[in-house]
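Asks: sharing a sequence plus its predicted fold:
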Amino acid sequence: MRLRRLVAAVCCAAAVPLPAGAAHAAPETPADLALLAARESLLGEHHWYRQTFDGKPVLGGYYARHVDKRTREVTVRDGRIAVEGLASGLPAVAAEQAGAVVDRQVAGERASTELAVLPGARAKLVYAVLSRTDRGSVRTIVDASSGAVITTEDVVKRAEGTGSVFAPNPVVTLQDTTLTDQDDADAAVPTKAYQAVRLSDLDTSGTLSGSYATVVGPADQLAFAENRRFDYPRSDDRFEQVMAYHGVTEAQRYVQRLGFQDLNNEPQDVTTTGFEEDQSYYDPSTDRITFGSGGVDDAEDADIIWHELGHAMQDAQVPGFGLSVDGGAIGEGFGDWWAVIMSVPLHEDSAAAPHACVGDWDAVSYTEEAPHCLRRTDTDLTIADRRGEAHFDGQIWSRALFDVYRALGRDESARVVLEAQFSYSPDTTFAQAAETTAATAGALYGAQAEAEVRAAFTARGIL
Ligand SMILES: [Ca+2]
Ligand SMILES: [Ca+2]
Ligand SMILES: [Ca+2]
Ligand SMILES: [Zn+2]
């Protein structure tokens with residue numbers, strides 16, 4: 001909906017000098033306003049109004065009058081919005097009924113319900129319903145003529161910050177497989193491996209916590225920046241916290257862009273402190289990801305972050321996922337593949353940094369040959385090669401998914417796999433999960449896509 005401001009707003013407000021002697025005259029203000037607040041500052045007096053229509057507040061409309069204390073010059077900021085075509089001034093739906101609609105959608109306690117006008121060319125009479133939830137207040141706009149929910153929004157302020165990260169890791173960015181950890185030394189990695197990024201969806205606490213990720217750990221070790229600039233070199237342990245916040249948040253934003261509004265859509269707990277082994281894990285009983293600091297710090301490699309996040313995503317989709325040997329392998333294989341899917345747009349597929357290589361940077365500590373990979377998603381392993389070890393067998397699964405990606409493309413394959421996983425069983429077999437995935441491809445993209453997915457699993461001996 002395009003909103004037409006009645007008068008050009010902030011950009012073009014004009015100072016209107018009052019005629020001499022009129023300085024203390026009652027301010028002339030339009031009739032469709034209700035005073036919200038009057039404030040006095042060092043240099044001026046400020047009156048804030050809300051726009052009304054037929055006595056009801058107009059959502060998003062505002063009007064402010066600023067008076068310069070010294071010159072008595074008046075400046076008006078007119079942000080009123082046109083209200084056109086309002087069908088009726090009376091609601092067809094009762095307030096209590098609208099409130100009940102909101103209660104079914106928003107888990108929280110209703111705080112207020114107000115009849116208001118949603119402005120625009122086809123203005124609507126609506127209820128603005130405020131609910132208090134665990135994640136802060138939520139405002140829901142309900143059509144007062146039909147009872148349908150128009151929008152739901154967080155009232156809580158979200159902030160943006162900036163930070164320095166590896167994206168996804170220095171080996172890939174610099175296409176240099178000779179880099180080594182050198183015990184977390186800054187000198188081991190050229191500064192051009194760092195990238196300045198936006199850290200979105202932060203809350204306003206100054207810590208790395210937000211809508212999709214919360215970095216947890218001992219308070220005195222957590223990154224804190226009042227100005228929300230989180231720039232640390234890799235030797236600073238707060239660097240891994242920035243990596244984890246950014247990696248998890250960007251993945252959730254991608255999941256939502258794909259259309260999934262309810263796939264681990266919550267602040268995922270992550271910690272990068274206190275575990276010194278060369279491994280990382282997701283603990284479903286605490287819903288927390290822990291990154292180890294052995295060798296290259298695990299959270300210095302976004303591939304490792306996305307692999308672990310894969311476990312958290314699957315657990316959010318299917319409670320208790322991974323009960324069977326096959327399920328465990330699917331968990332590992334999906335995590336590896338998810339790391340690949342997330343890193344594909346960040347770099348070229350090259351000999352030094354193949355897309356199929358997972359953990360190109362973390363693995364320099366424990367592999368001899370380049371490219372250094374924790375695992376790959378393009379092995380030729382089939383069901384016949386199974387060892388009953390989840391990470392090894394997971395490569396059979398990840399290769400099948402890699403072929404699905406190559407056949408359907410990044411977004412389409414991600415949609416198919418994520419959608420299918422909602423229907424996996426905790427103790428699924430390879431074959432059952434493959435059938436579900438193929439059928440999902442058919443439902444989303446048709447018979448040709450289903451045949452390609454089926455072929456990818458058949459090539460691995462899974463179907
Ligand atoms: Ca580090
Ligand atoms: Ca490591
Ligand atoms: Ca990689
Ligand atoms: Zn894993």
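Replies: Noted; the coordinates are in hand. Ligands and ions are numbered 1, 2, ... in the order given.
Asks: which SS class is the closest residue to A356 other than its chain neighbours?
Replies: Counting by CB to CB, 6 or more residues apart in numbering, A356 lies nearest to D378, which is 3.8 Å off, once chain neighbours are set aside. Where C-beta positions appear, they are placed from N, C-alpha and C, glycine not excepted. When classified by DSSP: H, G, I helix; E, B strand; the rest coil, D378 comes out as coil.
Asks: would you confirm that D378 contacts A400?
Replies: No. With contact defined as CB atoms under 8 Å, D378 does not count as touching A400 (10.9 Å).
Asks: between those two, who's got more neighbours?
Replies: Neighbour totals were compared for D378 and A400, and A400 leads with 29 against 16 (other CB atoms under 10 Å).
Asks: any idea how far the strand or helix carrying the more buried one is from the chain center?
Replies: Under the criterion of DSSP states H and E, A400 resides in helix 390-408. Using CA atoms, centre = their mean, to the nearest Å, the mean C-alpha position of helix 390-408 is found 25 Å from that of the whole chain.
Asks: so which elements touch that helix?
Replies: Applying 3 or more CB pairs under 8 Å, 6 or more residues apart in numbering; DSSP states H and E, we find helix 390-408 packed against helix 325-343, strand 375-376, helix 410-421, helix 430-445, helix 447-459.
Asks: just the CA trace of it, in CSV.
Replies: Taking C-alpha atoms only, helix 390-408 is exported to CSV below (Å, rounded to 0.1, in the frame of the first residue of the first chain):
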residue,chain,number,x,y,z
ALA,A,390,27.1,-40.9,11.5
HIS,A,391,29.7,-38.5,10.1
PHE,A,392,31.1,-41.0,7.6
ASP,A,393,27.7,-42.3,6.5
GLY,A,394,26.4,-38.7,6.4
GLN,A,395,28.6,-38.2,3.3
ILE,A,396,26.3,-40.6,1.4
TRP,A,397,23.3,-38.4,2.2
SER,A,398,25.1,-35.1,1.6
ARG,A,399,26.2,-36.2,-1.8
ALA,A,400,22.6,-37.0,-2.7
LEU,A,401,21.6,-33.5,-1.5
PHE,A,402,24.5,-32.0,-3.4
ASP,A,403,23.2,-33.5,-6.6
VAL,A,404,19.7,-32.2,-5.7
TYR,A,405,21.3,-28.7,-5.4
ARG,A,406,23.1,-29.1,-8.7
ALA,A,407,19.9,-30.2,-10.4
LEU,A,408,17.4,-27.7,-8.9
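Asks: now it: buried residues?
Replies: 390-405, 407-408 (16 or more other CB atoms under 10 Å).
Asks: with stretch 98-116 instead?
Replies: Of the residues in stretch 98-116, those buried (16+ other CB under 10 Å) are A98, G99, V101, V102, V106, G108, R110, T113, L115, A116.
Asks: residues in contact with A196?
Replies: Going by CB atoms under 8 Å, 6 or more residues apart in numbering, A196 touches T162, G163, S164, D231.
Asks: before we move on, the earlier item: and the helices and strands packed on helix 390-408: which comes nearest V155?
Replies: Closest approach to V155 among these (CB to CB): helix 410-421, 29.3 Å.
Asks: hang on, the earlier thing: right, so the helices and strands packed on helix 390-408: which one is the most enclosed?
Replies: Counting by mean count of other CB atoms under 10 Å, helix 325-343 has the highest mean neighbour count of the helices and strands packed on helix 390-408, with a mean of 25.
Asks: what angle separates the helix holding A400 from helix 325-343?
Replies: Helix 390-408 and helix 325-343 are oriented at 50 degrees to each other (axes from the mean of the first three to the mean of the last three CA atoms, to 10 degrees).
Asks: between helix 447-459 and helix 390-408, find me the angle.
Replies: Orientation of helix 390-408 against helix 447-459 (the same axes, to 10 degrees) gives an angle of 150 degrees.
Asks: what does the stretch 201-350 of the chain put close to ligand 4?
Replies: Proximity of the stretch 201-350 of the chain to ligand 4, by CB under 5 Å from the ion, involves residues E332, G335.
Asks: from ligand 4, how far off is V76?
Replies: Counting by CB to the ion, to the nearest Å, the separation of V76 from ligand 4 is 60 Å.
Asks: once you drop chain neighbours, what's closest to the residue in the chain positioned nearest to ligand 2?
Replies: Residue nearest to ligand 2 within the chain (CB to the ion): G295, separated by 3.8 Å. Leaving aside its chain neighbours, G295 sits nearest to S365 (2.9 Å; criterion: CB to CB, 6+ apart).
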